[in-house]
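K.L.:
this is the structure alone, sequence omitted:
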């Protein structure tokens, strides 16, 4: 149903009706923000990327093929914009040292001899670990993982965003999940 | 079947395993693999708990308020109001200047220039009259367009021998895209869709070059070259650059006349 009304709005926007494009922006912004926030991990960056995505989408509206679904197409653009940003950030910032994350280990936070953790503290601990691993992932790994895990995109679709073959796309997902397991399993296993 | 490895279990979890039935049957009978798979599921379920900041229902409308001025063009998504830039009234140009001075300053970081010829140095050294600021603005835009034009020409004239390595062009494209973004936003904020439109077209290509593969096949390179040619981007950048230089000369003459 939404795809139908999206198609109508896209057709009107292509004909120069800006309000129709505005309707699409209003309809898809929140979902887009969720995707981009997961990819960038930063609220301000996510808001900027959402705007950038709509600007690119408007510019490329005539290249949109309706069989793809407007939401899917939009998410692909957003993933590309986020990937651009992550690559730029990677060049600018010092990468988090993987050894540092691993050296923290479960013993420095939650040892098996520690008293059972309070639920809230434990929950926070897990979230911090997840966030730390997300920041540790390479732009390719993070993009592949978010698109697969949170967005449910297929390996082929992710490959089209990343410009990679299926085998390389799978490798990015494997590495992301492996890093997540290494960091989280010790914490999760410490629960009573 | 043999014990599935971690990669197979990950694909199985995401419904992408080609041997899905075999893995399912194996997990039913193999306790260690089942435990391993449950551990994987537990980790991936925990990842789901990562929170995303809430956005109000009105968020979409807020985004549209931000985006709308930047796409406000009377001719739809592909109609470029290219020539409207040259109808800029003085007050509009002056209004854009405040933002573009920032762009000029940042541009200096990307292209170190001798202090004596740097527009940035002029900006920092002394308060400027409106005429002098206009000239600084035009100089910066003109320089940027000239560099971009050269970069595009170099790119489309790259030697092809089956495949093309554009590593060097990518470095330059990244720098140009960063500066271009400042100019584009400033132009859009100043309500100048014509200039913003050309800069946006330029930026899309620069970003595509910067973030695409460094080694292009002959077909990929031909597609990129065709896109630059088909959209007339190089021509627009060239003409816009020439017009800006002309305006810059006019501004310089006017400035000199006022001083005398």
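P.N.:
Received, thanks. Computed from a prediction, not measured in an experiment: that's the story for all the values here.
K.L.:
does chain B sit close to stretch A:36-46?
P.N.:
Yes. Using CB under 8 Å from any CB of the partner chain, we find that stretch A:36-46 touches chain B at A:37-38, A:43. C-beta: built from backbone N, CA, C; applies to glycine.
K.L.:
what mean pLDDT does that stretch have?
P.N.:
Averaging pLDDT along stretch A:36-46 yields 92.
K.L.:
and if you look at stretch B:44-51?
P.N.:
On average, stretch B:44-51 scores 90.
K.L.:
then stretch A:90-98?
P.N.:
Averaged over stretch A:90-98, pLDDT sits at 54.
K.L.:
again, but for stretch B:56-67
P.N.:
On average, the pLDDT along stretch B:56-67 is 93.
K.L.:
possible to save the residues of stretch A:36-46 next to chain B as JSON lines with neighbour count, secondary structure and distance to residue B:169?
P.N.:
Putting the residues of stretch A:36-46 next to chain B into JSON lines (neighbours: other CB atoms under 10 Å in any protein chain shown; DSSP: H, G, I helix; E, B strand; the rest coil; distance: CB to CB, whole Å) gives the following:
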{"residue": "A:37", "neighbour count": "23", "secondary structure": "helix", "distance to residue B:169": "32"}
{"residue": "A:38", "neighbour count": "21", "secondary structure": "helix", "distance to residue B:169": "32"}
{"residue": "A:43", "neighbour count": "14", "secondary structure": "helix", "distance to residue B:169": "34"}
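K.L.:
element containing residue B:164, please.
P.N.:
Residue B:164 belongs to strand B:163-165 when assigned by DSSP states H and E.
K.L.:
so which of the residues of stretch A:36-46 next to chain B is the closest to residue A:172?
P.N.:
Residue A:172 lies nearest to residue A:38 out of these, by CB to CB, at 15.4 Å.
K.L.:
chain neighbours aside, what residue packs nearest to the closest one?
P.N.:
residue A:146 (4.8 Å; CB to CB, 6 or more residues apart in numbering or on different chains).
K.L.:
that's a helix at residue B:216, yeah?
P.N.:
No. Residue B:216 is assigned strand when assessed by DSSP: H, G, I helix; E, B strand; the rest coil, not a helix.
K.L.:
related to what we said a few turns ago, after the strand holding residue B:164, which helix or strand is next? Please name it.
P.N.:
helix B:167-189.
K.L.:
buried ones in that following helix, by neighbour count?
P.N.:
For helix B:167-189, a neighbour-count test (16 or more other CB atoms under 10 Å in any protein chain shown) marks B:169-170, B:172-189 as buried.
K.L.:
thinking again about what came up before, the residue nearest to residue A:38 and residue A:180: what is the separation?
P.N.:
Going from residue A:146 to residue A:180 by CB to CB, to the nearest Å gives 12 Å.
K.L.:
also residue A:144?
P.N.:
For residue A:144, the distance to residue A:180 (CB to CB) stands at 12 Å.
K.L.:
so for the residue of chain B most remote from its centre, what's the pLDDT?
P.N.:
Note on chain B: the largest C-alpha distance from the chain mean falls to residue B:29, namely 53.7 Å (CA atoms, centre = their mean). Residue B:29 is assigned a pLDDT of 94 by the prediction.
K.L.:
equivalent analysis for residue B:198, please.
P.N.:
Per the predicted model, pLDDT is 83 at residue B:198.
K.L.:
any low-confidence regions in chain A?
P.N.:
Within chain A, the segments meeting pLDDT under 70 span A:1-4, A:91-118, A:120, A:191-192.
K.L.:
domains in it, as residue ranges please.
P.N.:
Listed by automatic domain parsing, the domain ranges of chain A are A:1-93, A:94-192.
K.L.:
which of these is buried the deepest?
P.N.:
Across the domains of chain A, averaging neighbours per residue (mean count of other CB atoms under 10 Å in any protein chain shown) puts domain A:1-93 on top, at a mean of 18.
K.L.:
do you know how far residue B:71 is from chain A?
P.N.:
Distance check for residue B:71 against chain A: by CB to the nearest CB, to the nearest Å, it reads 5 Å.
K.L.:
for chain B, name the helix or strand with the lowest mean pLDDT.
P.N.:
In chain B, no helix or strand scores lower on mean pLDDT, DSSP states H and E than helix B:119-125, which sits at a mean of 40.
K.L.:
center of chain A - which residue?
P.N.:
Chain A, centroid-nearest residue using CA atoms, centre = their mean: residue A:39 at 3.0 Å.
K.L.:
thought it was touching residue A:84?
P.N.:
No. Taking contacts as CB atoms under 8 Å, residue A:39 lies outside contact range of residue A:84: 10.7 Å.
K.L.:
distance between the helix or strand where residue B:228 lies and the chain's centre?
P.N.:
Using DSSP H and E, residue B:228 sits in helix B:218-230. Counting by CA atoms, centre = their mean, to the nearest Å, helix B:218-230 is centred 18 Å from the centre of its parent chain.
K.L.:
low-confidence stretches in the stretch 151-260 of chain B?
P.N.:
Low-confidence segments of the stretch 151-260 of chain B (pLDDT under 70): B:159-161, B:190, B:192, B:230-231, B:259-260.
K.L.:
which positions in it make contact with chain A?
P.N.:
Counting by CB under 8 Å from any CB, the stretch 151-260 of chain B sits next to chain A at B:174, B:200-201, B:204, B:207, B:210-213.
K.L.:
and with 7 Å instead?
P.N.:
Neighbours of chain A within the stretch 151-260 of chain B, by CB under 7 Å from any CB of the partner chain: B:200, B:204, B:207, B:211, B:213.
K.L.:
how is chain B carved up into domains?
P.N.:
Split by automatic domain parsing, chain B gives B:6-47, B:78-259.
K.L.:
isn't residue A:129 right up against residue A:181?
P.N.:
No. Using CB atoms under 7 Å, residue A:129 is not in contact with residue A:181; the gap is 11.1 Å.
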